[in-house]
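Visitor: Would you be able to build a 3D model of this:
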Amino acid sequence: MDEYDWRCIVAPLLAWYGAEARDLPWRRDTEPYHVWLSEIMLQQTRVDTVIPYYERFLAALPDISSLAAADEAALLKLWEGLGYYSRVRSLQKAARVICAEHGGRFPMDFDAIRALPGIGDYTAGAVSSIAFGKPTPAVDGNVARVASRLAELPADAADPAFRARLTDALRAVYPAGKSGEFTQSLMDLGATVCLPNGAPRCDDCPLALLCRANIRGSQGSYPLKKAKKDRPVEDRTVFLLECGERVALKKRPLGGLLGGLWGLPDTGGALTAAAAADYLRTLGVSAGDLTSRPAARHIFTHLEWRMTVYAASCAAPEGQGLKWVTRDALSTDYALPTAYRKLLSL
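Guide: Coordinates of the predicted model:
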């Protein structure tokens, strides 16, 4: 890490960013709430997906105090489709801490930011540098990939120890008065030019002549990649139960995957029609003939669901733990995870 002169990348990177920076709604000011919200939304999510969510979220909850006071159902509905719902729950917990302990003003100190629920080193560094102009690097997978190629560093970009060393190296060269721009220039370079999977756009890179991997043609070797583990597969049986204009929902248990969210009634395993009917009876549901629907699957980050799907009409809105809602209410009032909502759309 120490063999590479990180000072040499600052001026060309800032010049490139000044000309090529992406026009993103959260870059139109440096309001800490806006920076923070965008960084939480962008975790595990593409920029073009986030933009409409970001704009809709701020229209409904324009400041930290409104976020802290928001009804959970409305909050989850605003987040519907972004996934990783623990992010928005932590966002609200942090907003409540800010209101209770910081007078409703986002803290400026890095350690105080880092102590908020749902905020790690990367997000704390991003907010601290972009919103408050402090020399606090924000090292994520994109930035780690850029650095590993620049200096031909044989490291796994996800290795916390590597990221910590890189953070220290970058902090030492942060330009006075340009901390936010430098942080965002590294973000943009990794997101738009120094792309993953051996496909960097080196001809468009402002650091091409400073990049050891580019000079030696070794871009595809960096960063080191761990062999991917097979994603576990879980069989689920899911029920689309209708009674007139109403559809049955069931709240998932707290904790674990999709914890505390509404979903379609389901259970583990790929049940036969007979076994599925038996399961419905344990819920107290008197359903008509079960109709088999096309099987479906949904891929989470670390798990794949393979879903056996049955539909049935019910004579009455009954059943233990079920909530019967209209399709209109389902559209406007309930945040349904994508795994279930796409079954309704079939």
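Visitor: which residues of the stretch 151-300 of the chain fall in strands?
Guide: Using DSSP state E, counting those that start in this stretch, the strands assigned to the stretch 151-300 of the chain run over residues 233-243, 246-251, 262-263, 266-268, 291-299.
Visitor: so which of those comes closest to Y17?
Guide: Nearest to Y17 among those is strand 291-299 (34.4 Å), distances taken as C-beta to C-beta. Where C-beta positions appear, they are placed from N, C-alpha and C, glycine not excepted.
Visitor: Now do the buried residues in that closest one.
Guide: Neighbour-count burial for strand 291-299 flags 293, 296, 298 (criterion: 16 or more other C-beta atoms under 10 Å).
Visitor: same question, stretch 96-110
Guide: For stretch 96-110, the neighbour count (16+ other C-beta under 10 Å) marks 96-99, 106-107, 110 as buried.
Visitor: again with stretch 120-139
Guide: Neighbour counts over stretch 120-139 (16+ other C-beta under 10 Å) mark 121-139 as buried.
Visitor: tell me what the lengthiest helix in the chain is packed against?
Guide: Looking across the chain with DSSP state H, the single longest helix is helix 86-101. Helix 86-101 sits against helix 32-42, helix 64-69, helix 72-79, with contacts defined as 3 or more C-beta pairs under 8 Å, 6 or more residues apart in numbering; DSSP states H and E.
Visitor: pull the CA atoms of the second one into CSV?
Guide: This file holds the C-alpha atoms of helix 64-69, laid out as CSV (Å, rounded to 0.1, in the frame of the first residue of the first chain):
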residue,chain,number,x,y,z
ILE,A,64,-35.2,14.3,9.7
SER,A,65,-38.0,15.1,12.2
SER,A,66,-40.7,13.9,9.7
LEU,A,67,-38.8,10.7,9.1
ALA,A,68,-38.6,10.1,12.9
ALA,A,69,-42.3,10.6,13.3
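Visitor: Could I get the full set of helices for the stretch 201-346 of the chain?
Guide: Applying DSSP state H, counting those that start in this stretch to the stretch 201-346 of the chain gives helices spanning 212-216, 273-282, 327-332, 338-344.
Visitor: winner for burial among the ones you listed?
Guide: helix 338-344 (a mean of 18; mean count of other C-beta atoms under 10 Å).
Visitor: from the chain's centre, how far out does that one sit?
Guide: 19 Å (C-alpha atoms, centre = their mean, to the nearest Å).
Visitor: How much space separates the residue lying closest to D204 once chain neighbours are set aside from C211?
Guide: The shortest distance from D204 to any non-neighbouring residue, by C-beta to C-beta, 6 or more residues apart in numbering, is to V193 (5.5 Å). Counting by C-beta to C-beta, to the nearest Å, the gap from V193 to C211 is 11 Å.
Visitor: joint contacts of the two?
Guide: Residues touching both V193 and C211 (C-beta atoms under 8 Å, 6 or more residues apart in numbering) are C205.
Visitor: Of these two, which one has the most company?
Guide: The neighbour count for V193 versus C211, taken as other C-beta atoms under 10 Å, is higher for C211 (23 against 19).
Visitor: quick one, what contacts the closest residue to the more buried one other than its chain neighbours?
Guide: Using C-beta to C-beta, 6+ apart and skipping the chain neighbours, the partner closest in space to C211 is L150 (5.0 Å). Contacts of L150 were listed using C-beta under 8 Å, 6+ apart, and they are 4, 9, 207, 210-213.
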